[in-house]
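Colleague: task: produce atomic coordinates for the following.
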Amino acid sequence: MPNPTPSLLSAIPALFARKMTTAAIASTVIVLSLALTNIWGITFDSWRELLGQICFLLLYVVPIIYIYGVAASMLIEFLLFKLSPYPWTHRLLSLPLHAFFGFLGLWLLFPSMQIGGWGAAFASLFFLMDFALSKLRAGYEASHAVMSFIFLPLLLFFISIVGVNF
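Modeller: From the prediction side, this is the model:
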């Protein structure tokens, strides 16, 4: 008799593709929100300076999200797959764990409670985007994850490079 519970190994490719798609969307949204909210008090005299700030942020934010964010989110999924058989407890525990890992990751890089708080907020945003994508129940393929991985942050990067040099 077949096991009705899907195995973790069979879910990894689709889960990884969804996490990569979430990382592409989240990195773009986070970079734009950091640049446009002006949290550092920097005034931009022209749109070129704003695009330069976006380019600079992309160099730091995208690798952190793709390397640390996706790995932490996958770790959370693996932990909760075994610990929480019910979907509602999985979602209930996943948000605080994402916030904790987001806080921890940025706090270890930049020992500041404020920056750790931003990490928790951005990780929570990552979770909410991942939750929304999981509710769409789209059949994610590796090609979708690769296209979104390359397209969104690179598009923003090229716009900022061209805009700065225009």
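Colleague: what residues are up against the residue nearest to residue 157 when sequence neighbours are not counted?
Modeller: In space, residue 157 comes closest to residue 58 once its chain neighbours are excluded; the distance is 5.1 Å by Cβ to Cβ, 6 or more residues apart in numbering. Every residue, glycine included, has its C-beta placed from N, CA and C. Listed by Cβ atoms under 8 Å, 6 or more residues apart in numbering, the contact set of residue 58 reads 27, 31, 153, 156-157, 160.
Colleague: so among those, where is pLDDT lowest?
Modeller: For these, the weakest pLDDT value sits at residue 160, with 67.
Colleague: enumerate the positions of the one helix or strand residue 20 maps to that are buried.
Modeller: Taking DSSP states H and E as the definition, one finds residue 20 inside helix 8-37. Of the residues in helix 8-37, 14-28, 30-31, 34-35 count as buried by neighbour count, 16 or more other Cβ atoms under 10 Å.
Colleague: pLDDT weak spots in the chain?
Modeller: Judged by pLDDT under 70, the chain has its weakly predicted residues at 1-11, 38-44, 84, 137-150, 152, 154, 158, 160-166.
Colleague: can you give me the helices in it?
Modeller: 8-37, 47-63, 70-83, 87-109, 113-136, 142-165 (DSSP state H).
Colleague: what's the fourth one in contact with?
Modeller: Outside of helix 87-109, the residues that reach it under the criterion Cβ under 8 Å, 6+ apart are 64, 68-69, 72-73, 75-77, 79-80, 83-84, 113, 115-124, 126-127, 131.
Colleague: just the buried residues of those.
Modeller: For these, buried by 16+ other Cβ under 10 Å: 64, 68-69, 72-73, 76-77, 80, 116, 118-124, 126-127.
Colleague: distance check, the residue positioned nearest the centre of the chain against residue 68.
Modeller: With distances taken as Cα atoms, centre = their mean, residue 23 lies nearest the centre of the chain, 3.6 Å away. Per Cβ to Cβ, to the nearest Å, residue 23 is found 10 Å from residue 68.
Colleague: next: residue 46.
Modeller: In terms of Cβ to Cβ, residue 46 sits 33 Å off from residue 68.
Colleague: do the same with residue 95
Modeller: For residue 95, the distance to residue 68 equals 18 Å [Cβ to Cβ].
Colleague: check the burial of residue 136 by counting its neighbours.
Modeller: If you count neighbours by other Cβ atoms under 10 Å, residue 136 ends up with 9.
Colleague: got the contact list for it?
Modeller: With contact set as Cβ under 8 Å, 6+ apart, residue 136 has no partners.
Colleague: now it: how far from residue 55?
Modeller: Taking Cβ to Cβ, one finds residue 136 at 31 Å from residue 55.
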